[in-house]
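K.L.:
Got a sequence here, can you build the structure:
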Amino acid sequence: MTEWKLLDEAAAKEIWDGQLIRFNDCSPYQTYAWGEYQKSLGWQPYHFLAVNESGEISAMLLGFLRRYPFGTGLMWCPGGPIGEFESWDENLPQTIIKLTDLKHLYIRFRCDQERKPRKVLFLNHRQWNRSIYTITSNVSMELDLSADEETLRAQLSRNWRRNLKKAQENNLEVKLWAKPDVKEICRIYREMEIRKNLPQQFTEEKLANLFNHLGSNLIVYRCEDIDGNLLCFRGCLKIGSRAGDYLAATTEKGLIAQASYLTLWKLLQKAQEQGVKYYDLGGINPWENAGVYKFKKETGAREIEYLGEWDWASNTSLRLLGNWAIWKKQNLKNVKLFNFHFLKSLVPLNKLTSVRSKSQPTKLGTEGVEKFV
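P.N.:
Reported below is the predicted structural model:
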């Protein structure tokens, strides 16, 4: 029988990532560093291990908790659980309630293992439910980096190779960005957000916390023109053999110069150099965002459907309340985005940029045991 245990802070800091990379489905969103980053955003990280009858770790879960009155807690687990899905039984939420001193719990995870019928049937049987309203897409593009560079280049579409060649002929310089400039990144994001009618992606504070905590788990490349002007940047989160896109923005001039093609290519080469075999290019929507879908698909990546978001609650009312709260927050984001687009149609672009930079974004949410060495 599997037993779930809670690691204390000292043990988690020492062994967590070392154990995480033993699993093929390890996720950058389940690393110790990601937990520290979420802590800076107001979440409390909890590190759980599932230990089987042989004393081996069979699964892992990093959950982020927020507490509410009357002993109620909300836990969000992006990228997990990790490991054997048979360990994700009803004992997991019951253990979380017990070890976090809660009376009522709503827990939601977003698992990045590929969706298989047997896993779906198991979760349904073990009292997990597909989330009514989801936060993220469970359909993505995964690029296999286990082949050599010549093979990777050969699987690029003719159009992708042509645009890559154009970028190389435009005298662009792509280099590793060891110490990213938060203000410069935000400036490029603001330009892209206005051009593509997007909500604010990051604040300076959030980016500063990200770079402060992620360290070696984050790779960022920047692309400059011949005069040293930033045209594009792209960054990925990584752990073990897996990595995934997390930061990306391109200026109008960068689009003309095909900067995103060369920047992604250099980033993929670096990830491969550091042992990454599976690279997640992020969520897709072929109809609402056809251009981005084409850009990702023509790298030779395959479409993949993840297990996605599932939830569990102490009672039905709490589950409905949790889903309603998520729906309301997502709906509020859409309303704010609509208001911004309406304002944009009335106010000159230079004035809107000034107004936008002063606005405040909506925050999104995201003892002791033996040491396993």
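K.L.:
Following element in sequence after the helix or strand harbouring Ile185, please.
P.N.:
Applying DSSP states H and E as the criterion places Ile185 in helix 182-196. Sequence-wise, the next helix or strand downstream of helix 182-196 (DSSP H and E) is helix 204-214.
K.L.:
got the angle for that following helix vs helix 182-196?
P.N.:
120 degrees (axes from the mean of the first three to the mean of the last three CA atoms, to 10 degrees).
K.L.:
Show me what counts as buried in helix 204-214.
P.N.:
206-207, 209-211, 213-214 (16 or more other CB atoms under 10 Å). The way it works is simple: take the backbone N, C-alpha and C, and place the C-beta from them, glycine included.
K.L.:
How about residues contacting that helix?
P.N.:
By CB atoms under 8 Å, 6 or more residues apart in numbering, the surrounding residues in contact with helix 204-214 are 33-34, 36-37, 40-41, 179-180, 182-183, 185-186, 202, 218, 237.
K.L.:
Tell me where the stretch 101-250 of the chain has helices.
P.N.:
For the stretch 101-250 of the chain, the helices defined by DSSP state H, counting those that start in this stretch occupy 117-125, 149-154, 158-169, 182-196, 204-214.
K.L.:
any idea of the mean pLDDT for the first one?
P.N.:
The average pLDDT for helix 117-125 rounds to 96.
K.L.:
gap between that helix and the chain center?
P.N.:
Put simply, helix 117-125 sits 24 Å off its chain's centre (CA atoms, centre = their mean, to the nearest Å).
K.L.:
what does it contact?
P.N.:
Applying CB under 8 Å, 6+ apart, the contact partners of helix 117-125 are 85-86, 88, 113, 307, 310.
K.L.:
Quick check on these: which are buried?
P.N.:
If we count by 16+ other CB under 10 Å, the contacts of helix 117-125 have these buried: 85, 88, 113, 307, 310.
K.L.:
Going by distance to Thr72, which of those residues wins?
P.N.:
For the buried ones among the contacts of helix 117-125, the closest approach to Thr72 (CB to CB) belongs to Trp310, at 19.6 Å.
K.L.:
Is the closest one bridged to anything, and to what?
P.N.:
Phe109, Arg130 (DSSP bridges).
K.L.:
what's near enough to touch it?
P.N.:
Trp310 neighbours (CB under 8 Å, 6+ apart): 108-109, 111, 123, 128-131.
K.L.:
got those as TSV, with neighbour count columns?
P.N.:
As requested, these are exported to TSV (neighbours: other CB atoms under 10 Å):
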residue	neighbour count
Arg108	24
Phe109	25
Cys111	25
Leu123	20
Trp128	21
Asn129	16
Arg130	14
Ser131	19
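K.L.:
JSON lines please, covering those residues and showing distance to Met1.
P.N.:
JSON lines is the format used below for the contacts of Trp310 (distance: CB to CB, whole Å):
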{"residue": "Arg108", "distance to Met1": "25"}
{"residue": "Phe109", "distance to Met1": "21"}
{"residue": "Cys111", "distance to Met1": "22"}
{"residue": "Leu123", "distance to Met1": "18"}
{"residue": "Trp128", "distance to Met1": "19"}
{"residue": "Asn129", "distance to Met1": "24"}
{"residue": "Arg130", "distance to Met1": "26"}
{"residue": "Ser131", "distance to Met1": "28"}
